[in-house]
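Student: Provided below for reference: sequence and predicted model.
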Amino acid sequence: METQQNYSYEIMEVCLLAGKIMLISGAETYRVEDTMMRIAASYGVRNSHSYVTPTGIIFSIETEEPTKTKLIRIMERTTDLDKVTKVNAISRRISSGELNVDQAYDLLKEIEEASSTYSLGLQVLAAAIASGCFLIMFQGQWSDFMPAVFAGGLGFISVIYFHRLVPIKFFSEFLASFVIGLFAYLFVKTGFGSEMDKVIIGSVMPLVPGLLITNAVRDLMAGHLISGLSKGAEAFLTAFAIGSGIAVVFLLF
């Protein structure tokens, strides 16, 4: 019985680790719950229950012994869809019987401990180029392409740096948007740029919580009201922080 109990706990650990990685990496709530229950079912657990919110996961399994339940807290969330894809691939391998519990746990641990797929420099470069492309998409002038590239890159660096100093998303996003607005003003003032509004719009786009808004709507449509509303509130705060930072620049100058 003790061996069976230990095996049940090992299954729970695999399910929780998979759910934790997916939730931290930006997966939808319903996808996290479905993946956890599918993994449990693949290992012979007929009845399992998961309750996922953006800040925590509760998972329980029903066996011949008393029901086992475990809670883990989620403190940080980011966007890394590559990890979500890798966990989905492991889940499919578990469902097909290719991986036992220990193998699955080891592979999930490797995914959790892996560093970001792309280096910081490459992320900044991508954000900078995307800012310039967004400026063109919003019908800006080609003469403002480079100002948007510089402002967008500086803003992306700022949000990462300020978040390390003060681990509160609102303040880091507020300060990053302030930096973008300040440099956009300086570029236009010195003649390096011409349309400050288009430069600002293009530069702040890498900070916009697009995935968060999408997941909030999808969770609401799937019936996960608490998760959907909380993600929507988080997206609103991010948008408010970005707008406030830009507004302060206009008030000052």
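Tutor: That came in fine, so what should we check first?
Student: What are the buried residues along stretch 93-101?
Tutor: 94, 99 (16 or more other Cβ atoms under 10 Å). For every residue, glycine as well, the C-beta is placed using N, CA and C.
Student: now do stretch 139-156
Tutor: 140, 144-156.
Student: what do you get for stretch 158-178?
Tutor: Of the residues in stretch 158-178, those buried (16+ other Cβ under 10 Å) are 158-159, 162-163, 169, 172-178.
Student: again with stretch 216-229
Tutor: For stretch 216-229, the neighbour count (16+ other Cβ under 10 Å) marks 216, 218-219, 222, 224, 227-228 as buried.
Student: again with stretch 177-195
Tutor: For stretch 177-195, by 16+ other Cβ under 10 Å, it's 177-185, 187-188, 192-193, 195.
Student: Save these as JSON lines, and put in distance to Thr117 too.
Tutor: Output for these, formatted as JSON lines (distance: Cβ to Cβ, whole Å):
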{"residue": "Ser177", "distance to Thr117": "26"}
{"residue": "Phe178", "distance to Thr117": "29"}
{"residue": "Val179", "distance to Thr117": "26"}
{"residue": "Ile180", "distance to Thr117": "25"}
{"residue": "Gly181", "distance to Thr117": "30"}
{"residue": "Leu182", "distance to Thr117": "31"}
{"residue": "Phe183", "distance to Thr117": "28"}
{"residue": "Ala184", "distance to Thr117": "30"}
{"residue": "Tyr185", "distance to Thr117": "35"}
{"residue": "Phe187", "distance to Thr117": "32"}
{"residue": "Val188", "distance to Thr117": "36"}
{"residue": "Phe192", "distance to Thr117": "33"}
{"residue": "Gly193", "distance to Thr117": "33"}
{"residue": "Glu195", "distance to Thr117": "35"}
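Student: rewinding a little: which one among the buried residues of stretch 216-229 gets closest to Lys20?
Tutor: For the buried residues of stretch 216-229, the closest approach to Lys20 (Cβ to Cβ) belongs to Ser227, at 15.1 Å.
Student: which ones are touching the closest one?
Tutor: Contact analysis of Ser227 by Cβ atoms under 8 Å, 6 or more residues apart in numbering lists 29, 52-54, 219.
Student: do that again at 10 Å, thanks
Tutor: By Cβ atoms under 10 Å, 6 or more residues apart in numbering, Ser227 lies in contact with 23, 28-30, 32-33, 51-55, 215-216, 218-220.
Student: Repeat that for Phe236.
Tutor: With contacts defined as Cβ under 10 Å, 6+ apart, the neighbours of Phe236 are 209, 212-213, 216.
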